[in-house]
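Asker: Okay, predicted coordinates and the sequence, questions at the end:
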Amino acid sequence: METKTLKMSFLAQTTDVNYHGNVHGGKVMKWIDEVGYALAVRFSGKNCVTKFVDDIEFLEPIHIGDLVKLSAEIVKVGNSSLRIQVEVRSENLIEINQKKNCVCDIVFVAIDKNGKKTTIK
């Protein structure tokens with residue numbers, strides 16, 4: 001049975017942040033792309049590429065040492081594409097407070113070995 005969800009977690013590193021101690025938005029976008037890619041490939045059984053990111057909204061900053069948790073869920077399956085909703089949350093492990101940091105939808109397209117669009121399973 002194929003799964004339609006995937007979760008990833010890790011600690012925010014010093015190399016992830018700007019001069020104010022907040023994780024760069026571009027780094028968060030990279031993480032979103034990575035968790036979405038992993039879910040798209042696992043579900044489709046094909047290599048996938050990002051088609052577009054829709055309605056990304058940054059809500060709260062992520063800080064050095066925060067536990068970052070990404071949750072991805074497939075919300076729509078097309079002939080050759082997948083729409084995946086990703087939520088990014090973080091937790092300060094000392095203060096034990098959790099925040100919702102970012103939400104967005106990302107669309108991946110399955111491709112064949114020649115890089116051409118192909119059908120999903």
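Answerer: Thanks, I have it.

Asker: what pLDDT does Ile56 get?
Answerer: With respect to pLDDT, Ile56 scores 91.

Asker: what sits up against the helix or strand of the chain with the lowest mean pLDDT?
Answerer: Lowest by mean pLDDT, DSSP states H and E among the helices and strands of the chain is strand 47-58, with a mean of 93. The contact list for strand 47-58, computed with CB atoms under 8 Å, 6 or more residues apart in numbering, reads 25, 28-29, 32-33, 36-37, 40-41, 81-82, 101-113. Any C-beta I mention is one placed from the backbone N, CA and C, and that applies to glycine too.

Asker: SS state for the residue positioned nearest the centre of the chain?
Answerer: Centroid check for the chain by CA atoms, centre = their mean gives Ile32 as the closest residue, at 2.3 Å. Here Ile32 is recorded as helix under DSSP: H, G, I helix; E, B strand; the rest coil.

Asker: hang on, isn't it packed against Val103?
Answerer: No: applying CB atoms under 8 Å as the test, Ile32 and Val103 come out as separate, 9.6 Å apart.

Asker: Need the residues touching each of these two.
Answerer: Common neighbours of Ile32 and Val103 (CB under 8 Å, 6+ apart) are 56, 86, 88.

Asker: so who does the nearest residue to Gly78 once chain neighbours are set aside touch?
Answerer: Counting by CB to CB, 6 or more residues apart in numbering, Ile120 is the residue found nearest to Gly78 once chain neighbours are left out, at 7.6 Å. Applying CB under 8 Å, 6+ apart to Ile120 gives the contacts 43-46, 77-82, 110.

Asker: Also Val77?
Answerer: Taking CB under 8 Å, 6+ apart, one finds 43, 83, 120 in contact with Val77.

Asker: what angle do the longest strand along the chain and strand 47-58 make?
Answerer: What stands out as the longest strand in the chain, according to DSSP state E, is strand 97-111. For strand 97-111 against strand 47-58, the angle by axes from the mean of the first three to the mean of the last three CA atoms, to 10 degrees is 150 degrees.

Asker: Give me the mean pLDDT for strand 97-111.
Answerer: 96.

Asker: could you pull out the strands for the protein?
Answerer: 5-11, 47-58, 67-77, 81-92, 97-111.
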